[in-house]
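Chemist: Return atomic coordinates for the entry below.
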Amino acid sequence: MARDPASGARLAWPATLAAKRGTALRADHLRYAQRKTGTGALHCFVLDCSASMLAHGQLALAKGLLIALFDRARAERVQVALICFGGARAELRFGPAVPRWWNERWLEPIGGGGGTPLEAGMARASQLLDVATRRDPARERHLWLFSDGRTTQWPARPRHADHVTVVDCEAANVRLGRCHALAQAWQGECVDAHALLAPTR
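Modeler: Predicted structure coming up:
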């Protein structure tokens, strides 16, 4: 069963995929693992808006998953933050706060296109998590990276991320597998965005 994520629960992917079965992911499919301590949770979503994410519809795929996660956060009153990066910069688009309504502009691609400034995105996330830690050290902090991994940058794991999930949006014919490698380096987990959102035939 899903546990109230407001208590600091961690998303449990096996149970979520089991609930999803052959349909596209919805907010009510999300399942959470038990959390033993803490005063709540903060989920920091970092979205790759670089040009490579537009090539095969990966950005639209990532947005679909983010919408489901935001919907669940709103229903369960979970704090979230959204950082978008692309071109040569990263921007905080929402939070950290409990989303009380949905605004499509939060997910608009950042201007500039071009390369994948992963270091800028992670630096902005690290700054946000550092501030959140000072404000509430007991709050559990989750970092989510949505990317196709098409970058040569290899930033360090944000030190105040309790859990890291890399959502692999890679869709090219020749897969580089950098998202999986990054998740391993950060001692996190890697999940395939296509498997989550695509209905099973």
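Chemist: for the chain, what helix or strand is lowest in average pLDDT?
Modeler: Within the chain, no helix or strand scores below helix 13-20, which has a mean of 59 by mean pLDDT, DSSP states H and E.
Chemist: The residue nearest the centre of the chain and Asn173: what is the separation?
Modeler: In the chain, the residue lying closest to the centroid (CA atoms, centre = their mean) is Trp144, at 2.9 Å. According to CB to CB, to the nearest Å, Trp144 stands 26 Å off from Asn173. Every C-beta, even on glycine, is put in place using the N, C-alpha and C of the backbone.
Chemist: And His180, by the same measure?
Modeler: In this structure, His180 and Asn173 are 17 Å apart, going by CB to CB.
Chemist: now do Leu59
Modeler: Using CB to CB, we find Leu59 at a distance of 18 Å from Asn173.
Chemist: likewise Ala68?
Modeler: From Ala68 to Asn173 the distance is 27 Å (CB to CB).
Chemist: More neighbours: which of these two?
Modeler: Ala68 (19 against 5; other CB atoms under 10 Å).
Chemist: I'd assumed that one was in a helix, is it?
Modeler: Yes: assessed by DSSP: H, G, I helix; E, B strand; the rest coil, Ala68 belongs to a helix.
Chemist: isn't it right up against Phe45?
Modeler: No: look at Ala68 against Phe45 with CB atoms under 8 Å: they stay out of range, at 11.6 Å.
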